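Undergrad: Compute the structure for the input listed below.
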Amino acid sequence: MPSLPVLPESCTHVLAEFDCLDPLLAALRLDSGRLKCTCLAVSKKWLALGTSAGGLHLIQREGWKQRLILTHKCVCVCSVQGLVVVWELQLERRGRPERAGISWEHRGQNITALCWDTTTLRVFIGDAGGKVSFLRAGSSKLGKGSAFVIFPVQTITTVDSKVVQLGYQDGRLLVSSLSRCYLCDTEREKFWRVGNKERDGEYGACFFPQSRGSVLGQPPLLYCARPGSRVWEASFSGEVLSTHQFKQLLACPPVPLVSYRCELQYSSAQRSPQSVAFPKLLYLSDQNLLTWTDSAIYVFVPQCGQVLLWTEIKDVVDVAVFRSELFCLRCDGHLTHLSLLPVERCVERLLRREYWLLAATICCMFQHVIVPSRARKCLPTDRLEYLRSQLNPSIQQDLASQLEEVILRLEPLDSASSSRRSSISSHESFNVLDCGIYRVISRRGSQSDEDTCSLVSQSMLEEERLKEFNFVQEEEPLEQGKGVSSFVKKTSEKISTLQMNSDLWPRSDQREVGQCDQTVMISYYENLIPPCYCSSQLQDPLILLDPARLAEVLQVWVPVLEKILGPEECHQTGEHCLLEGHTEEECLEQLSMGSSDEEVAEKTSGTAEDMDPERQLLQPATEEQIINDLGGEVSDSEPTGHKTVALEPVRVEPPWPIPAELHVDLSQLASLNLELGCFQGSTAQEGHGEHVPSAACIFLHRYFFLLDLERVRRCCLLRYRDQPAVWNAYMAGLLELTRSSPVVEVIEKGVLLRSLKSLRELQPSTNPLLLAHLHRLYEKHGESAVRAFVQFYPRVVPADVMAMVKKSHFLPYLDNLIHSQSEEQRLPFLESLLQPQSLRQEWLELALSHDAPQLSDTLTADGEPRMQSHLFTWGYGRLLSLLVRLPADFASKQKMAETCKMHGYWTGYLSLCCQLRRRTQAFSTICRLNDQSLLQGPNGIMPETLDEWKLLIQLSQQYCELSEADADPPCPNGNGLTNGSSDWSNCITPESLTLQLARVVGPDRALTCLQDWGVRVVLDHHSTMVCELLRIAEKRQRALIQTMLERCDRFLWSQQA
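TA: Have a look, this model is predicted:
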């Protein structure tokens, strides 16, 4: 990584993006191509968003909660037709919004500018025709009777061209048009022109309050944009005081945008002078002036005539400002939340949000701001050192070294308070939370004198306790023969420890046990666990491709794993074989031969009652003992094969330190065991039995620290998809693993949007960790959280969500995810989600069983279609239509067709019959549904041969005869024109089908075919007239064709002559 460039000393501020508003727009459904945000406004507590549908969303900025929606049916703040409506929202009293005023003064004109007078509740309005008016809003805050008074709309003036921007301050209205600026005294009705020179184009103007150090009561200034990157400074009376030239000053390089979305990019190359037209001017806090174009944002310090910064940001349409915060609206309707901050304040916020890489980059690029002593108030030296410690030395070595150089050059803050603070922070680092609380981060080796004394005294006590057991260690010989391995030495030490008096056996502290037995366990790893043996066996393709032999190899290793890395009882069981005098080779041979626990127990002398307590402790545990040790409760009323076992807590950390290389092999072997279902006491073939869910759950709980999380996720979705208990055990391990994550605190607060924002900012390193946080969100917020999971695709796929949530909550997520794609991409996108392919059938049954019509409305008592029942609305009809169109094999299509028929989804059934070439069943279903539109249109099934026409007409005649002979109505809505309210024009009858056939083959041939088929069809007067018209049309068409052929023939002969 090359060294980062250093910005010039004039760059002291940056525009930073800390928040992502995409989840907010997604929750408001404003991220689609059909509906998007078109305008915005911001205040201290609220953010207002106008939509392309004419609605207004009012969002509380604290937590980004939507408090109110005013749809286009009741409000349109200003419209292109010239309507202006003012509403009093009644948020304090939680009442319904009340209309406070309406204006049609600008009817037919596009409203281009609005401005508030908050003291008298007036709204100033400017349109594209140049008219300026104001509307006084009646409010309950002004008195009891003011809300009932209708104030007239008053026209202030009409300027020469379109109104670009309005501003109001202390009784004066500033109007900026395409040609010049005007100043109006609204109380005395006086008007002034600002300056004498005109302009041509959209140029903004605004009031600029005087600085705090000026004379009290001094009126504000005016700033008006001019061509060529110039700005007029004028007095409150409209007199031009000076002209600020920014064209040459804008030749400097742009300051990079600080954003979590991308890395900082800066080029020190000089730019050419910019001649920019500033479309609007806004006052920004700390005496700054803001403007923008479609490609950049500019911030000036007009009283100094300097450019504070300019940053390249594309496609900016509008900007709303509150103090130093900017809300930018893009061309595509997306929002960007920016903050104008000094560099040191920006780094402080980045550290608070744990953006370590971005904070370190800024410190290196803005060294002239970080090094001086004034920056120590925000960035103490220890915080920058803590930042350096968070960088990855293997990946970010150059950045860490560059930051180290900056830290060495830091200037201390010369004050008593800073020295006292630095003395505190020299031992501890701290983070300032959003609520203002300082979270102290203790550092190793930074304890005070009192802490050091307590640690020393504690270590002396531990040494005294260890000295009590020296006599046991001295009894053992210090040297062993060359033929005795180190494992036997460690085993003899363990035996002598077990022979001690039980009163002297140390059981106090897990830390002491870990320190004393670490070397013993390392020896265990080297001698008992045969990962190298198993790994070498797995390299053999004959074993790797044979599931039975692969399971045998894994079965050799599973009991050893249980006895060494299992719970404490399994540790003690694992020592039994070697303590009885068997060698390592004999133990492995017994394990490979599949010797059971009973055989090992028979080889030991004596019964459990005759053994010493230590020998009883080393006795192999039976299945009942293991269940009891796990806290299981077996009900007497349940059979033996259905025992209810309460699982032990998930172990996310190994009981002993494991070398890194060994951990890789153990992880691969443990993951293979879970994938093949090889657990102790079961084989790979038994993996499909009743005991596997509990065995798999126990395995997950015991050896979660060994498993590859991503492989386990895929295994749960593929092998154990029908066993939700395995997924629950996997999720329990993930929840335990992520318990200390900072996102958990945010989720527990119960604010969904803030939780989603924190989750997007954190960006967990692996997908399983993200699943754990989403599981917490679902438990907290239910279905509303599931709908927001769409934004985490493709890191979280639908199979993950389906295993995590209820089926009724999964369908809205899947529907939203699919329809987030464009129309032409939905079908291939849905096909890519089918991992495994069996999800197609599962999702189909799920969509058919939720938000669906009643079966009695779509099926008769004998399971046949009810008349017109295909017209019922299905809640997930769009999803169903995509599922039945997906490519699949014949058996899958056949099963899908049967499922659609069983649920009465006739549209999908007809489509599948057409794909399966079951046209006879399709024609029979169409006749029963009695809807001629099913034969026509792009999705209709028209007969292709005369045999199919014959079949269709015969089926229609048969069903018509049955319906006439049946006394009961064929459908719940009646059987026809009994009361004159039904329409038979679209029903299927032999007569209507005859007309269809006549249109295809001609009336004469159609009647001939009906006679040959023995079908008698009586045509009414209307049908007879249609047939006559078809004969005439056919004759004329033949004559026309004949004439055209003759003319072509003559033309060709003339060309040859």
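
Undergrad: Contacts only, for residue 43.
TA: Residues in contact with residue 43, defined by CB atoms under 8 Å, 6 or more residues apart in numbering, are residue 322. Where C-beta positions appear, they are placed from N, C-alpha and C, glycine not excepted.

Undergrad: distance of it from residue 322?
TA: For residue 43, the distance to residue 322 equals 6 Å [CB to CB, to the nearest Å].

Undergrad: repeat for residue 235
TA: For residue 235 relative to residue 322 (CB to CB), the value is 27 Å.

Undergrad: These two: who's more crowded?
TA: Taking other CB atoms under 10 Å, residue 235 and residue 322 do not tie; residue 322 has more neighbours (17 against 14).

Undergrad: Skip the chain neighbours and tell me the closest residue to that one.
TA: Nearest non-adjacent residue to residue 322, counting by CB to CB, 6 or more residues apart in numbering: residue 42, 4.7 Å away.

Undergrad: Touching, that neighbour and residue 49? I think so.
TA: No. Using CB atoms under 8 Å, residue 42 makes no contact with residue 49, being 9.8 Å away.

Undergrad: and those two? which has more neighbours close in?
TA: Per other CB under 10 Å, whichever of residue 42 and residue 49 has more neighbours is residue 49, with 27 against 20.

Undergrad: Could you look up the SS state of that one?
TA: Under DSSP: H, G, I helix; E, B strand; the rest coil, residue 49 falls in the strand class.

Undergrad: Just want to check the distance between it and residue 98.
TA: Distance, residue 49 to residue 98, by CB to CB: 21 Å.

Undergrad: just residue 4 next, same as before
TA: When distance is defined by CB to CB, residue 4 is 56 Å away from residue 98.

Undergrad: again, but for residue 784
TA: Plainly put, residue 784 is 29 Å away from residue 98 if you go by CB to CB.

Undergrad: Can you name the secondary structure element that comes next after the strand or helix carrying residue 902?
TA: Secondary structure assigned from DSSP states H and E places residue 902 in helix 890-903. The element immediately downstream of helix 890-903 (helix or strand, assigned by DSSP H and E) is helix 906-915.

Undergrad: That following helix vs helix 890-903, what angle?
TA: 150 degrees (axes from the mean of the first three to the mean of the last three CA atoms, to 10 degrees).

Undergrad: which stretches of the stretch 1-150 of the chain have low pLDDT?
TA: Filtered on pLDDT under 70, the stretch 1-150 of the chain yields the residue ranges 1-2, 67-77, 90-95, 138-150.

Undergrad: Count the neighbours of the closest residue in space to residue 709 that isn't next to it in sequence for me.
TA: Closest residue to residue 709 apart from its sequence neighbours, by CB to CB, 6+ apart: residue 768 at 4.0 Å. If you count neighbours by other CB under 10 Å, residue 768 ends up with 21.

Undergrad: about what we covered before: mind giving me the packing neighbours of the helix holding residue 902?
TA: Counting by 3 or more CB pairs under 8 Å, 6 or more residues apart in numbering; DSSP states H and E, the packing neighbours recorded for helix 890-903 are helix 839-848, helix 877-885, helix 906-915.

Undergrad: Please name every helix or strand in contact with the lengthiest helix in the chain.
TA: With secondary structure taken from DSSP state H, the chain has its longest helix at helix 1021-1056. If contacts are counted by 3+ CB pairs under 8 Å, 6+ apart, helix 1021-1056 sits against helix 990-1001, helix 1003-1013.

Undergrad: Please identify the deepest-packed of those helices.
TA: Among the helices and strands packed on helix 1021-1056, ranked by average contacts under mean count of other CB atoms under 10 Å, first place goes to helix 990-1001 (a mean of 19).

Undergrad: out of residue 4 and residue 98, which sits in the more crowded spot?
TA: Set side by side, residue 4 and residue 98 give different neighbour counts by other CB under 10 Å, the larger being at residue 4 (19 against 14).

Undergrad: Residue 751 versus the more buried one, what's the distance?
TA: Distance of residue 4 to residue 751, computed by CB to CB: 36 Å.

Undergrad: Same check on residue 218?
TA: As for residue 218, its distance to residue 751 is 44 Å (criterion: CB to CB).

Undergrad: didn't residue 61 look like it was pressed against residue 45?
TA: Yes. Look at residue 61 against residue 45 with CB under 8 Å: they come within range, at 5.9 Å.

Undergrad: Between the two, point out the one with more neighbours.
TA: residue 61 (16 against 12).

Undergrad: Got phi/psi on the more buried one?
TA: Taking degrees, to the nearest 10, you get phi -70, psi -30 for the backbone angles of residue 61.

Undergrad: Looking at residue 218 and residue 751, which is more packed in?
TA: It is residue 751, of residue 218 and residue 751, that has more neighbours when counted by other CB under 10 Å, with 18 against 11.

Undergrad: Can you report how many residues lie near the closest residue to that one other than its chain neighbours?
TA: Leaving aside its sequence neighbours, residue 751 sits nearest to residue 63 (CB to CB, 6+ apart; 4.6 Å). Look at residue 63: counted by other CB under 10 Å, it has 14 neighbours.

Undergrad: hang on, residue 63 is in a strand, isn't it?
TA: No. With three-state DSSP as the criterion, residue 63 is assigned coil and is not in a strand.

Undergrad: From residue 1040, how far off is residue 1050?
TA: Counting by CB to CB - residue 1050 and residue 1040 are separated by 16 Å.

Undergrad: Much appreciated, bye for now.
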